[in-house]
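Student: This is the structure alone, sequence omitted:
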């Protein structure tokens, strides 16, 4: 009994001493006395400025608690804010600490913000705070957290290398019953935005989290969602579900199934798809598994569906993922496409570097019935997407609505459009790429190009065709161009060089027109600007020229017209005789002209045509916006014209026949100006008669011959 009383007295004394000690600390401990010491320590150890503007309150019974008011921490070596706290509450149960148990009753954080910056060298501004951690060896505490609440938290991230920034704002988190071996319910919500990516998203989710004694965490019942607009996409809705295991530092260790489903819109297109990860296994440093996905894009009556499968291996420390055995299947349908639709099957491999935000992808297979080999890579975020594409054939016309056939020789009447809407070039602004394209055969606008080689690049709304070479219609095409849609009004430029092109098949394919044949050599250097198609045509500036060798013009026989000119009576004077017989033709050895283009009007004054029988010159203009022509061609007989075609033309030597071309540029009307022709013919006769009289070339006995002189010549001509 005495021993029991002694133990009781001892225990009571200890309790009284402990209570007295707690009471003394609570009464005498002043945390403000250590405020400056803490500020100095942060400045010395981390070269950061700590500000403790709010009150610091401590409690010791029945829990050890701390309430911190307004506080802030600066960037390293700078006065700029790194983190700010509006209020922080931390409460730890006291008695369990004596049994090496850390029982946190509450963690509450409110009105806080953190600014995270990745410099151009790839280093984060948190490196001095997260590095140099001490050894984890030593006795392990058992721990538990009864409740965690976060409200009004904002995390801002800026990448100085790529110039992008992201903000997670209004972060809310509620978790309860967190402990090793127990499953805790966690709920969260936030808003995510980026001005550079034109992104505003809302995120929310819930899951069960179980922490293992070894430091890992198991996530079960994961259901997370995302809605909003991003990078030109609207009505985005994404859901993530599944279960996984990870280390506390975020390294993924295992996942039987993770599935991501989403949908959205971009302009008039709607998207839906999913991606799933299966049988993921890892050790914290490396992970491997399988993934598959599918996507469907719909625009009006057009539908394109794709499926993909791949194996992957991830290096968590290096943040790299390698993809192997990639298999992609594409299937598309559209009423305007061929009945078999648009199909493709591709295989390949690739890799992604999440540390640099880069990737490298190589694919080969078939697409739209042609063999395809493609390479895509991006070295890091902010750099252009590099591509190298090699395909046997590409038929763009088969992918576009078919245009109705144009009947050869049909009269084209210019009808002003009911409206001239502004063209939308906004799709060019986010493009950032550079690469090469090689095509064995290209079908575009009914034109056929072979052995196509092109180099392209795009950045900041400017798309540049640095060079294009191709074989076409027995000749060669060299071109370059540029579209600048970075400003309010797009600007265009193009240079073209066509050498040795066979005009007949070219015009037949391009415009169902067979009016001109020959081997053509064409040059053009053009610029324009305009928000609408009509404005672009009216804004055309530049110069162009052409030369056609060994050709013919169908629909007009200039030599035949010269023959008929002798028989036209005085009654035809003042009229214009049409030349419209499409069975007729005019052969020439060379046809050439140069043009100066101003405000969509192409003017020329040096048109020249040569043939064994004829010579022709001309001048006029073409309105490229209205697609009309007004041209005057002056043809005359060559003095050496002989043979079957020229046997009856010598009598017309020296007479110039004016032929006017008017109407639609695609199908002009040729007409002979009879009045001008007759005036020229009469003038020629007068000149010949005067010449004979002046030179005494009249017949013997004529008055003019006997008297000579100008007076005699005129009287003889007038029959007086």
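Tutor: Happy to help now that I have it. Please read all numbers here as calculations on a predicted model, not as lab measurements.
Student: hey, let's count contacts and neighbours off CA atoms from now on
Tutor: OK.
Student: measure residue 635 to residue 662 for me?
Tutor: 17 Å (CA to CA, to the nearest Å).
Student: more neighbours, those two?
Tutor: The neighbour count for residue 635 versus residue 662, taken as other CA atoms under 10 Å, is higher for residue 635 (24 against 18).
Student: So which bits of the helix or strand harbouring residue 156 are buried?
Tutor: Under the criterion of DSSP states H and E, residue 156 resides in strand 142-159. By neighbour count with 16 or more other CA atoms under 10 Å, strand 142-159 contains the buried residues 143-159.
Student: now swap in stretch 345-358 and tell me
Tutor: By neighbour count on 16+ other CA under 10 Å, the buried set for stretch 345-358 is 345-353, 358.
Student: And stretch 193-204, by the same measure?
Tutor: Buried residues in stretch 193-204, counting neighbours by 16+ other CA under 10 Å, are found at 193-194, 199-204.
Student: Tell me which residue lies nearest the centroid of the protein.
Tutor: Among the residues of the chain, the one closest to the centroid is residue 431, at 3.3 Å (CA atoms, centre = their mean).
Student: Pairing partners for the one helix or strand residue 517 maps to, with directions?
Tutor: Using DSSP H and E, residue 517 sits within strand 516-529. Next to strand 516-529 in the sheet, as set by DSSP bridges, lie strand 491-502 (antiparallel), strand 541-554 (antiparallel).
Student: which residues touch that strand?
Tutor: Residues from elsewhere that reach strand 516-529 (CA atoms under 8 Å, 6 or more residues apart in numbering): 489-504, 507, 535-537, 539-554.
Student: Residue 420 contacts residue 532, doesn't it?
Tutor: Yes: using CA atoms under 8 Å, residue 420 is in contact with residue 532, at 6.3 Å.
Student: More neighbours: which of those two?
Tutor: Legend: neighbour count by other CA under 10 Å for residue 420 and residue 532, higher for residue 532 (16 against 12).
Student: quick one on the thing from earlier: after the strand holding residue 156, next one along is what?
Tutor: Trace forward from strand 142-159 with DSSP H and E and the next one is strand 164-179.
Student: who does that next one touch, helix- and strand-wise?
Tutor: Packing contacts for strand 164-179, counted by 3 or more CA pairs under 8 Å, 6 or more residues apart in numbering; DSSP states H and E, involve strand 142-159, strand 183-194, strand 199-211.
Student: Select, out of these, the one closest to residue 91.
Tutor: Closest approach to residue 91 among those is made by strand 142-159 (9.8 Å; CA to CA).
Student: What helix or strand is residue 45 located in?
Tutor: Residue 45 is part of helix 35-46, with elements assigned from DSSP H and E.
Student: TSV for the helices and strands packed on strand 164-179, including mean pLDDT?
Tutor: Output for the helices and strands packed on strand 164-179, formatted as TSV (pLDDT from 0 to 100):
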stretch	mean pLDDT
strand 142-159	86
strand 183-194	90
strand 199-211	90
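Student: possible to save these as TSV with distance to residue 560?
Tutor: Shown next, in TSV, are those (distance: least, CA to CA, whole Å):
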stretch	distance to residue 560
strand 142-159	77
strand 183-194	74
strand 199-211	72
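Student: my read is residue 509 is in a helix, agree?
Tutor: Yes: assessed by DSSP: H, G, I helix; E, B strand; the rest coil, residue 509 belongs to a helix.
Student: Specify which residues of the stretch 101-250 of the chain, grouped into ranges, have pLDDT under the cut-off.
Tutor: 101-102, 130-143, 180-181, 213-215, 247-250 (pLDDT under 70).
Student: again, 80 this time
Tutor: Residues of the stretch 101-250 of the chain meeting the criterion pLDDT under 80: 101-105, 122, 127-144, 162, 177-183, 211-217, 245-250.
Student: for the helix holding residue 45, packing partners?
Tutor: If you count contacts as 3+ CA pairs under 8 Å, 6+ apart, helix 35-46 packs onto strand 50-52.
Student: Can you report the mean pLDDT over the residues of the helix or strand following the strand it packs on?
Tutor: Downstream of strand 50-52, the first helix or strand assigned by DSSP H and E is strand 56-59. Across strand 56-59, the average pLDDT comes to 74.
Student: Just list what strand 56-59 packs against, helices and strands only.
Tutor: When contacts are defined as 3+ CA pairs under 8 Å, 6+ apart, strand 56-59 sits against strand 63-68.
Student: neighbouring contacts of the strand it packs on?
Tutor: By CA under 8 Å, 6+ apart, strand 63-68 touches 54-59, 87-94.
Student: again, but for stretch 234-247
Tutor: Stretch 234-247 has contacts (CA under 8 Å, 6+ apart) with 215-230, 252-266, 284.
Student: Which positions within that stretch qualify as buried?
Tutor: So for stretch 234-247, counting by 16+ other CA under 10 Å, buried means 234, 236-247.
Student: gap between it and the chain center?
Tutor: 28 Å (CA atoms, centre = their mean, to the nearest Å).
Student: now swap in stretch 65-84 and tell me
Tutor: The chain centre lies 43 Å from the centre of stretch 65-84; the measure is CA atoms, centre = their mean.
Student: tell me the mean pLDDT for it?
Tutor: Per-residue pLDDT over stretch 65-84 has a mean of 84.
Student: Make JSON lines from the buried residues of stretch 234-247 and add secondary structure and distance to residue 66 to it.
Tutor: Output for those, formatted as JSON lines (DSSP: H, G, I helix; E, B strand; the rest coil; distance: CA to CA, whole Å):
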{"residue": "234", "secondary structure": "strand", "distance to residue 66": "45"}
{"residue": "236", "secondary structure": "strand", "distance to residue 66": "42"}
{"residue": "237", "secondary structure": "strand", "distance to residue 66": "41"}
{"residue": "238", "secondary structure": "strand", "distance to residue 66": "40"}
{"residue": "239", "secondary structure": "strand", "distance to residue 66": "39"}
{"residue": "240", "secondary structure": "strand", "distance to residue 66": "37"}
{"residue": "241", "secondary structure": "strand", "distance to residue 66": "38"}
{"residue": "242", "secondary structure": "strand", "distance to residue 66": "38"}
{"residue": "243", "secondary structure": "strand", "distance to residue 66": "36"}
{"residue": "244", "secondary structure": "strand", "distance to residue 66": "35"}
{"residue": "245", "secondary structure": "strand", "distance to residue 66": "33"}
{"residue": "246", "secondary structure": "strand", "distance to residue 66": "31"}
{"residue": "247", "secondary structure": "strand", "distance to residue 66": "29"}
